[in-house]
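In: model the following, please.
(chains A and B)
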2 protein chains.
Amino acid sequence: MTTLVFGHLSPDTDSTGSPIIWAWYLNEIRKEQAEAVLLGEPNTEAAFLLARWDLPKPRIIADVEPGQPVVIVDTNNPAELPKGINGADIRAIIDHHKLVGGLETKGPIEIRMEPLACTATILHKMIGADIAQAPAWIKATILTCILSDTLEFRSPTTTPEDRAVAEALAADLGLSIPEYAAEMFAAKSDVSAFSDAELLRMDSKTYEVGGKTFRVSVLETTSPETVLSRKASLMETMPVVATEDGADQVLLFVVDILNEQSTLLVPNDLVAQVAAKSFGADAGGADTIVLPGVVSRKKQIIPNLAL
Amino acid sequence: MTTLVFGHLSPDTDSTGSPIIWAWYLNEIRKEQAEAVLLGEPNTEAAFLLARWDLPKPRIIADVEPGQPVVIVDTNNPAELPKGINGADIRAIIDHHKLVGGLETKGPIEIRMEPLACTATILHKMIGADIAQAPAWIKATILTCILSDTLEFRSPTTTPEDRAVAEALAADLGLSIPEYAAEMFAAKSDVSAFSDAELLRMDSKTYEVGGKTFRVSVLETTSPETVLSRKASLMETMPVVATEDGADQVLLFVVDILNEQSTLLVPNDLVAQVAAKSFGADAGGADTIVLPGVVSRKKQIIPNLAL
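Out: So this is what the prediction gives:
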């Protein structure tokens, strides 16, 4: 049976690209039948990756059948995976997030997690010398994932290993990293086609803090003013999304990639309190607050989140 | 702060040797301060390893302090770890068992699990070319762990990789594998110093099957008759151990390493039913039943366990 390789729900670039990379490796190097699939529509940057390298869009699946062989990349969190995941035959998990707990396997399997910025960097390491056999589109996919997850090496999650792999691949492909990253970020910043609710859910993870459930949403953009021009309707939509998704509050951080700062929308006193307790930031009654240097949910937002 | 490296409760050879191997690697190669510790008294084979290579017995710890940096080897099961484990600062998990779920980490960490017979084989792979810098006692510890977990390559868990590593290390050390393994297994088979309750708990894991909780105990020996001569008092002690440990029934499999078979003690109808449903074996009223070819709890006993 063909092994399905997928990342998390609401696929970003790493969760779209890493399944493509690993399915190539399983098919071509390990000679095991595999198919990259998605758990939803890719975001605009991931769609750019597919279009730029002429890759067919992976099939979108809604759930997995019992016993289906699967490889999970870029998450180990059951809440970000299909409902039937613990009934599937999980063959491998390759990830760079904290261990959440909740996934179980029937026997010993291959699990590889490392504190690197990007799943694709781990895949590159596991592919090893066989990368010489990879076509340009595989190398480009690895590069794109790394530039995406590191915000072109700006994010504090960036490790020397992520950077070295990306620079070697860019040189190999004859690509200028600044030019290519600019194309990627322009694609990511084009959010005109999305509704407010879609924007609030695009790159969002749920966390419990001080007895409340927060949907912590991040929008990485080179054009924060485009998003912030919609702040009134975004704030109106927050309670709707929160209620529908079983959260108490949506927190939206608009990450300005080029200026390396975030703007947090402050629709009410609860969020003003979160801003004060988490970042020592005083909204002073305004409906937005700028957080200098804050670009990483994983390293800077979540570890500080307090109420 | 010094990182503590440990395996599971009731340490066998792999859970005694792997912390020693990895603490050496962290101290000498990665230049990170680390100490191998134990979560209980090592079994007789593990004690042989220490005596044979003149290794100091690692300190035994009862629990871990909040924030204590730790590396977990040879398990990922919170039930086999100190009570305070989820309050510790888990830095890495290296294991070859199925993913159980229940461990959580505060941030992304290094996790490496592979379906190999022995944790030490994974450690050898991670050490890579630096193995050239390892002293004889580290190479011997890796070899001993592999021969223990594979029952000298007899267990169906054995992979070509485990075997290749063991054979290369034995050649390097100038050791004959058959002679050395015979010394190890003789040590493991000397259980005269242990009470019946200690024998039932020596190498034991708890599983839920059909609504009942079983303590599945395995005794690997080259001298099964030594253990079986105590079968009456072992069976009398089973209900005591079961009650004390919150289980419904102890299952004791006496694994005959050389003849590659197990003898299951059958103290009552419940165990007779387990034997029939799990292995198609009819006790026919006898108090023991031989299971030809069955030597691995992981590959042969647990996957078949039924009620």
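In: C-alpha from now on. contacts and neighbour counts both.
Out: OK.
In: which parts of chain A are strands?
Out: Ranges of strands within chain A are A:3-6, A:34-38, A:59-60, A:69-73, A:89-95, A:110-113, A:204-209, A:212-221, A:249-256, A:261-265, A:288-292, based on DSSP state E.
In: quick check: longest helix of chain A.
Out: Longest helix in chain A by number of residues (criterion: DSSP state H): helix A:13-28.
In: who are the packing partners of that helix?
Out: Packing contacts for helix A:13-28, counted by 3 or more C-alpha pairs under 8 Å, 6 or more residues apart in numbering or on different chains; DSSP states H and E, involve strand A:3-6, strand A:34-38, helix A:44-52, strand A:69-73, helix A:119-127, helix A:136-149.
In: what's in contact with that helix?
Out: With contact meaning C-alpha atoms under 8 Å, 6 or more residues apart in numbering or on different chains, helix A:13-28 is reached by A:5-8, A:32-38, A:42-43, A:45-46, A:49, A:73-74, A:118-120, A:123, A:127, A:138, A:141-142, A:144-146, A:148-149.
In: so what are the sheet partners of the worst-scoring helix or strand of chain A on mean pLDDT and their directions?
Out: Ranking every helix and strand in chain A by mean pLDDT, DSSP states H and E puts strand A:204-209 at the bottom, with a mean of 90. Taking DSSP bridges as the criterion, strand A:204-209 forms sheet pairs with strand A:212-221 (antiparallel).
In: what sits up against the strand it pairs with?
Out: With contacts defined as C-alpha under 8 Å, 6+ apart, strand A:212-221 is touched by A:185-186, A:188-189, A:199-208, A:242, A:246-257, A:297.
In: pipe the strands of chain A into a markdown table and attach distance to residue A:236 and mean neighbour count per row.
Out: A markdown table is the format used below for the strands of chain A (distance: least, C-alpha to C-alpha, whole Å; neighbours: other C-alpha atoms under 10 Å in any protein chain shown):
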| stretch | distance to residue A:236 | mean neighbour count |
| --- | --- | --- |
| strand A:3-6 | 34 | 24 |
| strand A:34-38 | 30 | 23 |
| strand A:59-60 | 31 | 13 |
| strand A:69-73 | 35 | 24 |
| strand A:89-95 | 35 | 23 |
| strand A:110-113 | 39 | 22 |
| strand A:204-209 | 18 | 16 |
| strand A:212-221 | 15 | 21 |
| strand A:249-256 | 11 | 25 |
| strand A:261-265 | 11 | 22 |
| strand A:288-292 | 14 | 17 |
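In: mean pLDDT lowest for which of these?
Out: Here the lowest mean pLDDT among the strands of chain A goes to strand A:204-209, at a mean of 90.
In: quick one: that strand to chain centroid distance?
Out: Chain-centre distance of strand A:204-209: 14 Å, with C-alpha atoms, centre = their mean, to the nearest Å.
In: which bits of chain A sit near chain B?
Out: A:96-115 (C-alpha under 8 Å from any C-alpha of the partner chain).
In: pLDDT below threshold where in chain A?
Out: Residues of chain A meeting the criterion pLDDT under 70: none.
In: got the domain boundaries for it?
Out: A:3-186, A:196-304 (automatic domain parsing).
In: now, of those, which is deepest in the fold?
Out: domain A:3-186 (a mean of 20; mean count of other C-alpha atoms under 10 Å in any protein chain shown).
In: end to end, how far does that domain reach?
Out: End-to-end span of domain A:3-186 (C-alpha to C-alpha, to the nearest Å): 34 Å.
In: roughly how far out does that domain sit from the chain middle?
Out: Computed by C-alpha atoms, centre = their mean, the separation of domain A:3-186 from the middle of its chain amounts to 10 Å.
In: coming back round to it: and the angle for the least confident helix or strand of chain A with strand A:249-256?
Out: Using axes from the mean of the first three to the mean of the last three C-alpha atoms, to 10 degrees, the inter-axis angle of strand A:204-209 relative to strand A:249-256 is 120 degrees.
In: pull the residues that contact strand A:204-209.
Out: By C-alpha under 8 Å, 6+ apart, strand A:204-209 touches A:213, A:214, A:215, A:216, A:217, A:218, A:247, A:305, A:306, A:307.
In: got TSV for those residues, with distance to residue B:82 too?
Out: Shown next, in TSV, are those (distance: C-alpha to C-alpha, whole Å):
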residue	distance to residue B:82
A:213	30
A:214	32
A:215	33
A:216	33
A:217	36
A:218	37
A:247	34
A:305	29
A:306	29
A:307	31
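In: and these, which two are furthest apart?
Out: By the measure C-alpha to C-alpha, A:218 and A:307 form the most distant pair in the contacts of strand A:204-209, at 18.8 Å.
In: can you give me the helices in the stretch 151-300 of chain A?
Out: A:160-173, A:177-189, A:196-201, A:224-228, A:231-244, A:269-279 (DSSP state H, counting those that start in this stretch).
In: which other residues reach the last one?
Out: Here helix A:269-279 makes contact (C-alpha under 8 Å, 6+ apart) with A:251, A:266, A:281, A:282, A:283, A:291, A:304, A:305, A:306, A:307.
In: is it correct that residue A:188 is in contact with residue A:45?
Out: Yes. Between residue A:188 and residue A:45 there is a contact at 4.4 Å, judged by C-alpha atoms under 8 Å.
In: before we move on, the earlier item: can you redo the helices and strands packed on helix A:13-28 as a markdown table with distance to residue B:53?
Out: Formatted as a markdown table, these follow (distance: least, C-alpha to C-alpha, whole Å):
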| stretch | distance to residue B:53 |
| --- | --- |
| strand A:3-6 | 45 |
| strand A:34-38 | 47 |
| helix A:44-52 | 55 |
| strand A:69-73 | 41 |
| helix A:119-127 | 35 |
| helix A:136-149 | 46 |
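In: out of these, nearest to residue A:58?
Out: Here strand A:34-38 is closest among the helices and strands packed on helix A:13-28 (C-alpha to C-alpha), at 4.9 Å.
In: what's the angle from that closest one to strand A:69-73?
Out: 60 degrees.
In: what pairs with strand A:34-38, parallel or antiparallel?
Out: Strands that pair with strand A:34-38, judged by DSSP bridges, come out as strand A:3-6 (parallel), strand A:59-60 (parallel).
In: tabulate those strands (JSON lines), appending distance to residue A:173.
Out: Formatted as JSON lines, the strands paired with strand A:34-38 follow (distance: least, C-alpha to C-alpha, whole Å):
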{"stretch": "strand A:3-6", "distance to residue A:173": "26"}
{"stretch": "strand A:59-60", "distance to residue A:173": "27"}
